[in-house]
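1. Please work out how this folds:
(chains A and B)
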Amino acid sequence: MTISDTDILFLGECVRQAAQAEIMPRFRNLGAADVQEKTSATDLVTQADLLAEHRITAALKERFPAALIVGEEAYDADKSVVPALADAELAFVIDPVDGTFNFAAGLPVFGTMLAVTVRGETVAGIIHDPVLGDTVTAIKGAGAFLTRQDRQSSKLKVAEPAALNQMVGGISWGHMDEPDRSRTCANMAKARMTFAFNCSAYEYWMVASGKLHFIGHSKLMPWDHLAGVLAHQEAGGHTAKFDGTPYRPGEISGGIISAPDRESWQTIRREIIGR
Amino acid sequence: MTTAIDTMTLADLLRQAAKAEILPRFRRLGSRDVRAKTEATDLVTEADEQAERMLKAKAARLWPEALFIGEESVSADPALLHKLDGADLAIVVDPVDGTFNFASGIPAFGVMASVVSKGETIAGIIYDPMGDDWVMAEKGGGAWLRRPDGEAERLHTAAPVALDQMVGMASTGYLPQEKRAVILGNLAKVRFLTNYRCAAHEYRTFAGGHVHYLMYNKLMPWDHLAGTLISQEAGAYAARFDGSPYLPHHLDGGLLITPDKASWDVLRREVFTV
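-> Have a look, this model is predicted:
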């Protein structure tokens, strides 16, 4: 199974249309009944998430009837779809609104993501900004590109490596348990500047564009990471799980760090994650 | 409260400046359009400078009696900042709050203005160029989300919650290094911490009742006067670390803002142990 350039254009268009039809009309326009808590007050799902996922899923099923389609909602209904990514012939992984907390709070920092995997390898990833209509597209072996709404395109490249006290980055420790949580939190003081955008779409976009040096996460749901990790790798970066092994579709634990190169990765692993 | 400066007129000016000088440059800055000020993460762009120039010129025509203080004007003339405390009437402007985000292509930036009269903030406005709306307050008149079509919605802070359920924002970058590690470690006690590097959006999110605390240590007036008034008018408790009120001439001493005094006390004792 291969994914053609025409398929990539189709996928980009599919994401753009869902964002325009189902997400943007609801931004800053959600009623109380349109937002539901899942596991906690900060784990939210809105009508925009549900309807955008439906729309993207329907379009994918029509064009790729045999493909495995994984989204948060599909996962809630059947948990086996995530481990099935490890060897599915062709699969699509959707995050309709990444950064739902921001979206529901009216912060324009959210994105729509789509990853394509073939037999356990991510071959394409899309990160779309519904607000401005800009899109990052990564294709395995061909690079990562930002395409503006006016079709101007530029190639993404990670930041030059820097000393830790000059690095700008963020580690999402919200899902870490103690003692890792307090230790990692306190270690962030070693970096120049820290961020917590609560939105992996933007975190990966920025780390792949060289605007941030590093990001890290402890929870690895595939819709949050597959597209972004490919974009970061195609922009020249080094991403690996905390134990140093590559991150693969289907895996959900082990923590992950993205850094400009292997040496910076090791510094962050040792000095920030620690232990 | 009636003042010499009509708040809605000032709000419209912020919107005009964003449309003319800021939005057209977003994700289109060339390398020569961005310069580092004091260090690599302290940036100024063409958008900041041109927007402030436009706001200053328009304010001078509309309100010639008001002192105009902008982030970029003070960069050029630091003595200007000291005139704020004694001014009968002043307009304090941050043309692009969240410049690092703006220059990086992250859509979390805002345009802010406050009106200060005799050492007190009497109006605050935060404009969001991406969503095209304002949050604003006049002292004593409540906090409001307003849209250009005239729609308005009153804002209220979140209901107080226990420490381990709190979600909020803390800017720890300007704390002394040894304090920073301690406070970051303490922050593991809350539900989670976000940090958008943009006071405009952080105050907006807090006043809308979506988060439970805001903490800042470096208190430049263009970053905090508008948001603090808006938060207070939305029902918040705001004080410096020593418990005293935050006033326009304060530049340090910390600022912690919470839905109520009890939340403030618990965060001060358990987390922000400065």
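2. Mind jotting down where the strands sit in the stretch 101-250 of chain B?
-> B:110-117, B:120-128, B:133-138, B:143-146, B:152-155, B:167-170, B:192-194, B:213-216, B:237-239 (DSSP state E, counting those that start in this stretch).
3. Nearest approach to chain A belongs to which of those strands?
-> Closest of these to chain A is strand B:192-194, at 4.1 Å (criterion: C-beta to the nearest C-beta). Every C-beta, even on glycine, is put in place using the N, C-alpha and C of the backbone.
4. Can you spell out which helices and strands pack onto that closest one?
-> On a contact count with 3 or more C-beta pairs under 8 Å, 6 or more residues apart in numbering or on different chains; DSSP states H and E, strand B:192-194 meets strand B:167-170.
5. What average pLDDT does the strand it packs on get?
-> Per-residue pLDDT over strand B:167-170 has a mean of 94.
6. Return the set of buried residues in stretch B:249-257.
-> Neighbour counts over stretch B:249-257 (16 or more other C-beta atoms under 10 Å in any protein chain shown) mark B:250, B:254, B:255, B:256, B:257 as buried.
7. could the residues you listed go into TSV alongside pLDDT, distance to residue A:247 and secondary structure?
-> Below are the buried residues of stretch B:249-257 laid out as TSV (pLDDT from 0 to 100; distance: C-beta to C-beta, whole Å; DSSP: H, G, I helix; E, B strand; the rest coil):
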residue	pLDDT	distance to residue A:247	secondary structure
B:250	94	46	coil
B:254	94	39	coil
B:255	97	40	strand
B:256	98	38	strand
B:257	98	38	strand
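8. need the residues of the stretch 151-275 of chain A near chain B, please.
-> A:166, A:168, A:170, A:173-174, A:178, A:181-183, A:185-189, A:192-198, A:202, A:205-206, A:209, A:211-212 (C-beta under 8 Å from any C-beta of the partner chain).
9. residues in contact with residue 49?
-> Because you didn't say which chain, this covers chain A. Going by C-beta atoms under 8 Å, 6 or more residues apart in numbering or on different chains, residue A:49 touches A:72, A:73, A:96, A:97, A:100.
10. Chain B is the one I meant
-> B:72, B:95.
11. And for residue B:91?
-> Per C-beta under 8 Å, 6+ apart, neighbours of residue B:91: B:5, B:10, B:59, B:63, B:66, B:67, B:68, B:69, B:113, B:114, B:115, B:116.
12. got a pLDDT number for the last one?
-> Think residue B:116. According to the prediction, residue B:116 has pLDDT 97.
13. now swap in residue A:32 and tell me
-> Reported pLDDT for residue A:32: 68.
14. Nearest residue to whichever residue of the stretch 1-150 of chain A sits closest to chain B in space, ignoring adjacent ones along the chain?
-> Nearest residue of the stretch 1-150 of chain A to chain B (C-beta to the nearest C-beta) works out as residue A:105 at 3.8 Å. Leaving aside its sequence neighbours, residue A:105 sits nearest to residue B:210 (C-beta to C-beta, 6 or more residues apart in numbering or on different chains; 3.8 Å).
15. With residue A:183 instead?
-> Using C-beta to C-beta, 6+ apart, the nearest residue to residue A:183 is residue A:274, at 5.3 Å.
16. and after the helix or strand where residue A:146 lies, which helix or strand comes next?
-> Assigned by DSSP states H and E, residue A:146 belongs to strand A:143-147. Sequence-wise, the next helix or strand downstream of strand A:143-147 (DSSP H and E) is strand A:153-155.
17. How far does that following strand sit from its chain's centre?
-> A distance of 19 Å separates the centroid of the chain from that of strand A:153-155, by C-alpha atoms, centre = their mean, to the nearest Å.
18. what pairs with that strand, and is each one parallel or antiparallel?
-> Taking DSSP bridges as the criterion, strand A:153-155 forms sheet pairs with strand A:143-147 (antiparallel).
19. pLDDT of the partner strand, averaged?
-> Strand A:143-147 shows a mean pLDDT of 96.
20. which residues does residue B:199 contact?
-> Contacts of residue B:199 by C-beta under 8 Å, 6+ apart are B:97, B:98, B:110, B:112, B:171, B:216, B:223, B:224, B:227.
21. tell me the two of the contacts of residue A:49 that are most distant?
-> A:73 and A:100 (12.2 Å; C-beta to C-beta).
22. okay, those two: which has more neighbours?
-> For residue A:73 and residue A:100, the more surrounded residue by other C-beta atoms under 10 Å in any protein chain shown is residue A:100, and the numbers stand at 23 against 15.
23. dump the residue contacts of the more buried one.
-> So residue A:100 contacts A:44, A:45, A:46, A:49, A:110 (C-beta under 8 Å, 6+ apart).
24. Which pLDDT value goes with it?
-> Reading off the model, residue A:100 has pLDDT 89.
25. and it, how far is that from residue A:16?
-> 19 Å (C-beta to C-beta, to the nearest Å).
26. just residue A:223 next, same as before
-> 18 Å.
27. higher neighbour count, those two?
-> Ranked by neighbour count (other C-beta under 10 Å), residue A:223 and residue A:16 place residue A:223 first, with 22 against 17.
28. The more buried one: which element?
-> Assessed by DSSP H and E, residue A:223 sits inside helix A:222-234.
29. For residue 171, what are phi and psi?
-> With no chain named, the answer covers chain A. phi -120, psi 130 (degrees, to the nearest 10).
30. my bad, the chain I had in mind was chain B
-> phi -100, psi 100.
31. which residues touch it?
-> Applying C-beta under 8 Å, 6+ apart, the residues contacting residue B:171 are B:195, B:197, B:199, B:215, B:216, B:217, B:218.
32. Put the buried members of those residues into a PyMOL selection.
-> For the buried members of the contacts of residue B:171, the matching PyMOL selection, counting by 16+ other C-beta under 10 Å, is:
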select buried, chain B and resi 195+197+199+215+216+217
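33. Can you tell me which of the contacts of residue B:171 is nearest chain A?
-> When these are ranked by distance to chain A (C-beta to the nearest C-beta), residue B:195 comes first, at 4.6 Å.
34. Where does confidence bottom out across the contacts of residue B:199?
-> residue B:171 (89).
35. what's the burial count for residue A:160?
-> Residue A:160: 10 neighbours (other C-beta under 10 Å).
36. pLDDT wise, what is the nearest residue in space to it that is not next to it in sequence at?
-> Leaving out its chain neighbours, the residue that sits closest to residue A:160 by C-beta to C-beta, 6+ apart is residue A:260, at 6.7 Å. The model reports residue A:260 with a pLDDT of 97.
37. returning to that earlier point: which residues are in contact with each of residue A:73 and residue A:100?
-> With C-beta under 8 Å, 6+ apart, residue A:73 and residue A:100 have common neighbours A:45, A:49.
38. Give the buried residues for the lengthiest helix in chain B.
-> Counting residues, the longest helix in chain B under DSSP state H turns out to be helix B:46-62. Neighbour-count burial for helix B:46-62 flags B:46-56, B:58-59 (criterion: 16+ other C-beta under 10 Å).
39. Same check on stretch B:219-226?
-> B:219, B:221, B:222, B:223, B:224, B:225, B:226.
40. gap between residue B:33 and residue A:55?
-> Residue B:33 is 38 Å from residue A:55, by C-beta to C-beta.
41. If you count surrounding residues, which of these two has more?
-> The neighbour comparison of residue B:33 against residue A:55 (other C-beta under 10 Å) goes to residue A:55, with 20 against 14.
42. what is the mean pLDDT for stretch A:77-97?
-> The average pLDDT within stretch A:77-97 is 95.
43. for it, how far is the first residue from the last?
-> End-to-end distance for stretch A:77-97: 18 Å, by C-alpha to C-alpha, to the nearest Å.
44. can you check stretch B:98-108 too?
-> 7 Å.
45. can it be found next to chain A?
-> Yes. Using C-beta under 8 Å from any C-beta, stretch B:98-108 comes into contact with chain A via B:100, B:104, B:105, B:106, B:107, B:108.
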